[in-house]
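>>> mind looking at a prediction? Sequence and model below.
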Amino acid sequence: MGPPRAQGDAGLYDRSSRPRTTPHRTPADVESRIRDLRRERKLGPARIGPILGLPASTVHRVLTRHQLNRLRWMDRPTGQVIRRYEHERPGELVHVNVKTPGHLPYGGGHRIMPRQQAGTNRQARPAHEKAAAL
């Protein structure tokens, strides 16, 4: 590809800056060995690197590419990556359990209403009594 002027109108369109080839990428068999050592022995980049004769930075880059860079993301006995939330589509809602505060009145606490009025809400009362108080 030449300069945009030499390409005509096609040179004005956006295109990816990603390289077409990566000639110095770590070979697939070495990456496989790195992944195996991580899963089987739970070693970090500083320990895997000398075993395979690679820099720790290269090992870390490979582990990150395969999402094995965090030990807490792995199941300890099996070495499989754990994904806590998996969804069929992007943007799906996540179910979250929320504990409701029992001591706050319906109108708010002492920051919203006077302390004397908010103080009466500290005693646990059945829900029907709270509703009747409103």
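Received the coordinates, thanks. Residues are numbered from 1 along each chain as shown.
>>> give me the local confidence score for the residue nearest to residue 85 when sequence neighbours are not counted.
Closest residue to residue 85 apart from its sequence neighbours, by CB to CB, 6 or more residues apart in numbering: residue 94 at 5.9 Å. Placement of C-beta: from N, CA and C, glycine included. pLDDT for residue 94: 75.
>>> again, but for residue 121
Residue 121 carries a pLDDT score of 51 in this model.
>>> can you give me the buried ones in the longest helix anywhere in the chain?
Using DSSP state H, we find that the single longest helix of the chain is helix 28-41. Within helix 28-41, the residues scored as buried using 16 or more other CB atoms under 10 Å are 30-31, 33-35, 37-39.
>>> show me what it is in contact with.
Outside helix 28-41, the residues that touch it by CB atoms under 8 Å, 6 or more residues apart in numbering are 26, 43, 48, 51-52, 54, 59, 62-63, 65-66, 68, 74, 79-80.
>>> name the residues that touch the next helix or strand after that helix?
The helix or strand immediately downstream of helix 28-41 is helix 45-52, counting by DSSP states H and E. Applying CB under 8 Å, 6+ apart, the external contacts of helix 45-52 come out as 30, 33-34, 37-38, 43, 54-60, 63.
>>> got the angle for helix 45-52 vs helix 28-41?
Interaxial angle, helix 45-52 versus helix 28-41 (axes from the mean of the first three to the mean of the last three CA atoms, to 10 degrees): 120 degrees.
>>> re the thing from before, what would the buried residues of helix 28-41 look like in a markdown table with pLDDT?
Output for those, formatted as a markdown table (pLDDT from 0 to 100):
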| residue | pLDDT |
| --- | --- |
| 30 | 96 |
| 31 | 95 |
| 33 | 96 |
| 34 | 95 |
| 35 | 93 |
| 37 | 93 |
| 38 | 91 |
| 39 | 88 |
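>>> nearest to residue 10 among the contacts of helix 45-52?
Nearest to residue 10 among the contacts of helix 45-52, counting by CB to CB, is residue 58 at 37.0 Å.
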